[in-house]
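Trainee: I'd like to go over a predicted model; first the sequence, then the structure.
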Amino acid sequence: MQRVCFQLKVKPGRLAEYRERHAAVWPDMLRALKDTGWNNYSLFVRGDGLLIGYFETPSLEAAQAGMAATDVNARWQAEMGDFFEDLDVAPDEGFLRLTEIFNLETQLSAASDADSSLERNHS
């Protein structure tokens, strides 16, 4: 499972409307996201419009391609595109993907594996 985190910038004058639109996303859009592999999807926004998104998916490429093939996504992206600064493509194609540098579960698992290996070698 890939963990995907991304950043966009909502225009300050559009932030209130952007929040309203996401308080009640179209049900067919919600289903399309889930059906195409966008799991545990969340958006976070700062008062100046900095938007951080996070989701988990088996394949980012497959999730994006799956959404690109839906009519609801074309309608949603057309409506959302004007909310963002410095974006020449649809928001779901133009986001800046952030690089993961730490994950608690991954490091705990590695530490546990290392501890188990040390115990076996000293037995």
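Mentor: Structure received.
Trainee: now do the SS call for residue 97.
Mentor: strand (DSSP: H, G, I helix; E, B strand; the rest coil).
Trainee: name the nearest residue to it, ignoring sequence neighbours.
Mentor: residue 6 (5.1 Å; CB to CB, 6 or more residues apart in numbering). The C-beta positions use only the backbone N, C-alpha and C, and glycine is treated the same way.
Trainee: just checking, the one you found is part of a strand?
Mentor: Yes - counting by three-state DSSP, residue 6 is found in a strand.
Trainee: what about the residue lying closest to residue 70 once chain neighbours are set aside, distance to residue 102?
Mentor: Nearest non-adjacent residue to residue 70, counting by CB to CB, 6+ apart: residue 32, 4.8 Å away. Look at residue 32 and residue 102: by CB to CB, to the nearest Å, they are 31 Å apart.
Trainee: ok, residue 22 next?
Mentor: Following CB to CB, the distance that separates residue 22 from residue 102 is 27 Å.
Trainee: more neighbours, those two?
Mentor: Each of residue 22 and residue 102 had its neighbours counted (other CB atoms under 10 Å), and the higher figure belongs to residue 22 (12 against 6).
Trainee: contacts only, for the spatially closest residue to that one that is not a sequence neighbour.
Mentor: Nearest non-adjacent residue to residue 22, counting by CB to CB, 6+ apart: residue 43, 6.4 Å away. Applying CB atoms under 8 Å, 6 or more residues apart in numbering to residue 43 gives the contacts 22, 51-54.
Trainee: residue 43 falls within a strand, correct?
Mentor: Yes - assessed by three-state DSSP, residue 43 belongs to a strand.
Trainee: so how far is residue 107 from the most centrally placed residue in the chain?
Mentor: Centroid check for the chain by CA atoms, centre = their mean gives residue 54 as the closest residue, at 3.2 Å. Distance check for residue 54 against residue 107: by CB to CB, it reads 18 Å.
Trainee: and if you look at residue 97?
Mentor: Using CB to CB, residue 97 is found at 21 Å from residue 107.
Trainee: three-state assignment of residue 52?
Mentor: Residue 52 ends up strand, using three-state DSSP.
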